[in-house]
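Undergrad: Sequence and predicted structure, then a few things I'm wondering about:
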Amino acid sequence: ASATKANSKLMGFSAVPVSTDDSIVVPEGYNAQVLIRWGDGLFPTSPKFDPTGNAPSSHQEVQFGDNNDGMTFFPLSNDRGVLAVNNEYCNNEYLFSHQGKSMTADDVKKSQAAHGISIFEVKRTTNNNWQLVVDSKYNRRITANTEMTITGPAAGQPDMRTSADKNGKKALGTFGNCANGFTPWGTYLTCEENFNGYFGTKSDIKITKEQKRYGLGKEDSGYGWSLHDERFDVAKNPNEANRHGWIVEIDPMDPTSTPMKRTAMGRFKHENVAVVINKDGHIVAYMGDDERGEHLYRFVSKNKYVKGNDAANRQLLEEGTVFVAKFSADDGKIGGTGQWMELTHGKNGLTKENGFPNQEYIHMYTRLAATQVGATTMDRPEWIAVHPNQDYVFCTLTNNKNRGVKEGQPVGGPNPREANNYGQILRWRQVNDDHAHPTFAWDLYVMAGNPEVHKGTLYAGSDNINNDNMFNSPDGLGFDADGRMWIQTDGKYSNKGDYAGMGNNSMLCGDPKTGEIRRFLTGPIACEITGLTFSPDYKTMFIGVQHPGEEREPSHWPDGGNSTPRSSLVMITKTDGGVIGS
Ligand code: FEO
Ligand code: CA
Ligand code: CA
Ligand code: CA
């Protein structure tokens, strides 16, 4: 990538400067307005948000969940739509007056209800803004306790069976719902990321190699669910964790529908999923596994998409083949080719002798299969987005302090920096733009960095990074219909040392062709910006502000004064009513 001058025809706005303020800043001619906040009621009878942290679980069960992340707008008409929004996790420091330090059984229920997905109708008001329709039939909460069907090859497998579900086909709930995807047949895909952090035990356990690879152990990440819900006690219910770490398909238009866990797509810490209809009719889904040194995947459906036959299309994620990426790494060269390695039993060393008893095992323990076939260890693959022309595919590699430091994570190829604290955006193109082809060519769209602090080294970033647009830890990523690439950051916001001049987390806009990157929005204190979707006319952009004021950093966004900071969904509009970014 080159071209650092402000010459992109795609971008019609002036860059905003870095900010350390407790507010959202957008370019001149733009507006930002909150649509919904953590704890806002989704139903006519929902109680009001109680900022003390003492409200019971019954309140949270009928309110917008915490830490909104990936989301999709599903249109109903020109002026109405349904938003499906992930609620990834909770901030104990605000959810509980005791900050999570003395969890009761009801506190666990409240925490579980703060997770999952919120689905609700919105209607257009004035100036391309929208508002919640509180009495809509579409409004629904999906939580860590909602019944789901396990579908695909892992359904019913011995490792999927628990004392409560002897058939291994009915799971309860979803949590760690990071980013998302959507299908051409109108369903929402939610991705289960850090599911391991909800399991723990006080008993002594022997950890299997499979549990170890998925980060399961005695200690949870501070949620305390296993204290009052045996399902999350990894000693008592060791198989329960196997029922999480999947992509879940949800019909947002039918509030009585049962979400489907799609085991054909593999199990790992799913960040998001980018779905395309390939030119041969197969559905191809690109997927990242966000952990240091994990991998980049692709799913290719067995059957083909048939326009107009959504009853059949709804089965497409039920059966298919998973592949994992292996990149060339020529000494010091940034760019090369890559291969998609098939994760099919009997191929590429995935044999009984090597510890892979059958295909079902590969779907359940996909990470182990990826290692067996020699997949490239990546700098934390977060979101993947496909350009609307369906040629280039982009993936944010957010950062990786273990690169070159830990065994098995060599410096090179698409991960060219040791102890990579800034991140990069990978770009690749399939041979013949065939998304089912085994081979692709890759380079880096951008290496984030700090040209002020690290002049002349790789840590200064690539040529398209300068003092005005520098950032760290790209995470959320998506395109609008015109091909503007929207980049959201989840990085260090100290604005000091290596991060001096970067300010709060932000959203930037990139021209995928010229490489130019311009900062579009800055977020409040200690938040990350994550999640994006548009109204069908692209005149409203919906973005997520996650965990403002995390760890008691001094944020009172969005309500100001002395208020509790709340993750919120924000609408960006243009004063002249135009398309966002134009
Ligand atoms: Fe939930 Fe990898 O971000
Ligand atoms: Ca993320
Ligand atoms: Ca992140
Ligand atoms: Ca996050």
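TA: Okay, I see it. Residues are numbered from 1 along each chain as shown. Ligands and ions are numbered 1, 2, ... in the order given.
Undergrad: Tell me the confidence at residue 332?
TA: Residue 332 carries a pLDDT value of 81.
Undergrad: Name the residues of stretch 83-97 that are buried.
TA: Of all the residues in stretch 83-97, those buried under the rule 16 or more other CB atoms under 10 Å are 83-96. For glycine as for every other residue, the C-beta is placed from the backbone atoms N, C-alpha and C.
Undergrad: oh, I was asking about stretch 143-160
TA: If you call a residue buried by 16+ other CB under 10 Å, then stretch 143-160 has these buried ones: 143-146, 148, 150-155, 157, 159-160.
Undergrad: Show me how far it is from its chain's centre.
TA: Mean C-alpha position of stretch 143-160 versus that of the full chain (CA atoms, centre = their mean, to the nearest Å) differs by 21 Å.
Undergrad: Which residues of this structure lie near ligand 3?
TA: Residues of the chain found near ligand 3 (CB under 5 Å from the ion) are 475, 490.
Undergrad: Which residue ranges of the chain form helices?
TA: Using DSSP state H, the helices assigned to the chain run over residues 57-60, 92-95, 105-114, 209-213, 310-313, 359-364, 366-372.
Undergrad: who's in contact with the spatially most central residue of the chain?
TA: Nearest to the mean C-alpha position of the chain, counting by CA atoms, centre = their mean, stands residue 179 at 2.3 Å. Contacts here follow CB atoms under 8 Å, 6 or more residues apart in numbering; on that basis residue 179 touches 69-70, 86, 191, 193, 271-273, 382-383, 476, 530-531.
Undergrad: Mind doing that once more with 6 Å?
TA: 69-70, 191, 271-272, 383 (CB atoms under 6 Å, 6 or more residues apart in numbering).
Undergrad: Ok, residue 30 next?
TA: So, once contact is read as CB under 6 Å, 6+ apart, residue 30 ends up touching residue 574.
Undergrad: Over to residue 190?
TA: Applying CB under 6 Å, 6+ apart, the residues contacting residue 190 are 86, 117, 177, 180, 248.
Undergrad: who does the first one bridge with?
TA: For residue 86, the residues forming beta bridges with it (DSSP bridges) are residue 117.
Undergrad: Pretty sure it sits against residue 174.
TA: No - using CB atoms under 6 Å as the test, residue 86 is too far from residue 174 to be in contact (9.0 Å).
Undergrad: Do you know the pLDDT at the residue of the stretch 101-250 of the chain found nearest ligand 3?
TA: Closest residue of the stretch 101-250 of the chain to ligand 3, CB to the ion: residue 178 (8.2 Å). At residue 178, the pLDDT value in this model is 98.
Undergrad: May I have the phi/psi pair for the residue lying closest to it once chain neighbours are set aside?
TA: In space, and not counting its chain neighbours, residue 178 is closest to residue 193: 3.7 Å by CB to CB, 6 or more residues apart in numbering. Taking degrees, to the nearest 10, you get phi -100, psi -90 for the backbone angles of residue 193.
Undergrad: so what's residue 193 up against?
TA: Contact criterion CB under 6 Å, 6+ apart gives 176, 178, 269-270 as the residues in contact with residue 193.
Undergrad: Around the closest residue to residue 120 other than its chain neighbours, how many other residues sit close by?
TA: Counting by CB to CB, 6+ apart, residue 120 lies nearest to residue 139, which is 4.6 Å off, once chain neighbours are set aside. The local packing count at residue 139 equals 21, with neighbours defined by other CB atoms under 10 Å.
Undergrad: my guess is residue 139 contacts residue 42, does it?
TA: Yes - using CB under 6 Å, residue 139 makes contact with residue 42 at a distance of 4.9 Å.
Undergrad: Which residues are in contact with each of the two?
TA: By CB under 6 Å, 6+ apart, residue 139 and residue 42 have these common neighbours: residue 120.
Undergrad: Ignoring the adjacent residues along the chain, who's closest to residue 338?
TA: In space, and not counting its chain neighbours, residue 338 is closest to residue 327: 4.4 Å by CB to CB, 6+ apart.
Undergrad: I'd like to know how many residues surround whatever residue of the chain ends up closest to ligand 2.
TA: Ranking the residues of the chain by distance to ligand 2 (CB to the ion) places residue 475 first, at 4.2 Å. Other residues near residue 475 number 28, with proximity taken as other CB under 10 Å.
Undergrad: what residues are up against it?
TA: 382, 396, 398, 488, 490.
Undergrad: Could you check the pLDDT of it?
TA: In the predicted model, residue 475 carries a pLDDT score of 99.
Undergrad: Leaving aside the residues adjacent along the chain, what's closest to it?
TA: residue 490 (3.9 Å).
Undergrad: Kindly provide the distance from that neighbour to residue 78.
TA: As for residue 490, its distance to residue 78 is 34 Å (criterion: CB to CB, to the nearest Å).
Undergrad: So between the two, which is more surrounded?
TA: The neighbour count for residue 490 versus residue 78, taken as other CB under 10 Å, is higher for residue 490 (23 against 10).
Undergrad: Spatially, and excluding backbone neighbours, which residue is closest to the residue of the stretch 151-300 of the chain found nearest ligand 3.
TA: Nearest to ligand 3, among the residues of the stretch 151-300 of the chain, is residue 290, at 6.7 Å (CB to the ion). In space, residue 290 comes closest to residue 271 once its chain neighbours are excluded; the distance is 4.4 Å by CB to CB, 6+ apart.
Undergrad: Equivalent analysis for residue 272, please.
TA: For residue 272, ignoring the flanking residues on the chain, the nearest one in space by CB to CB, 6+ apart is residue 179 at 3.3 Å.
Undergrad: cool, and residue 551?
TA: Nearest in space to residue 551, with sequence neighbours left out and distances taken as CB to CB, 6+ apart, is residue 93 at 6.6 Å.
Undergrad: Tell me who's in contact with residue 73.
TA: Residues in contact with residue 73 (CB under 6 Å, 6+ apart) are 81, 83, 533.
Undergrad: give me the number of residues near the nearest residue to it once chain neighbours are set aside?
TA: If the residues on either side of it in the chain are set aside, residue 73 comes closest to residue 533, at 4.4 Å by CB to CB, 6+ apart. Using other CB under 10 Å, residue 533 is surrounded by 22 other residues.
Undergrad: one step back: any idea how far the residue nearest to residue 475 is from residue 176?
TA: Distance, residue 490 to residue 176, by CB to CB: 15 Å.
Undergrad: low-scoring pLDDT stretches of this protein, where are they?
TA: Applying pLDDT under 70 to the chain flags residues 1-6.
Undergrad: Could you tell me which residues of it lie near ligand 1?
TA: Where the chain comes near ligand 1, counting by CB under 6 Å from any ligand atom, the residues are 88, 178, 193, 271, 290, 382.
Undergrad: Tell me which two in these are the farthest apart.
TA: Across the residues of the chain next to ligand 1, the longest distance by CB to CB is 12.7 Å; it joins 88 and 382.
Undergrad: measure residue 198 to residue 172 for me?
TA: Between residue 198 and residue 172 the distance, using CB to CB, works out to 12 Å.
Undergrad: who's more crowded, these two?
TA: For residue 198 versus residue 172, the count of surrounding residues by other CB under 10 Å is larger for residue 198: 29 against 19.
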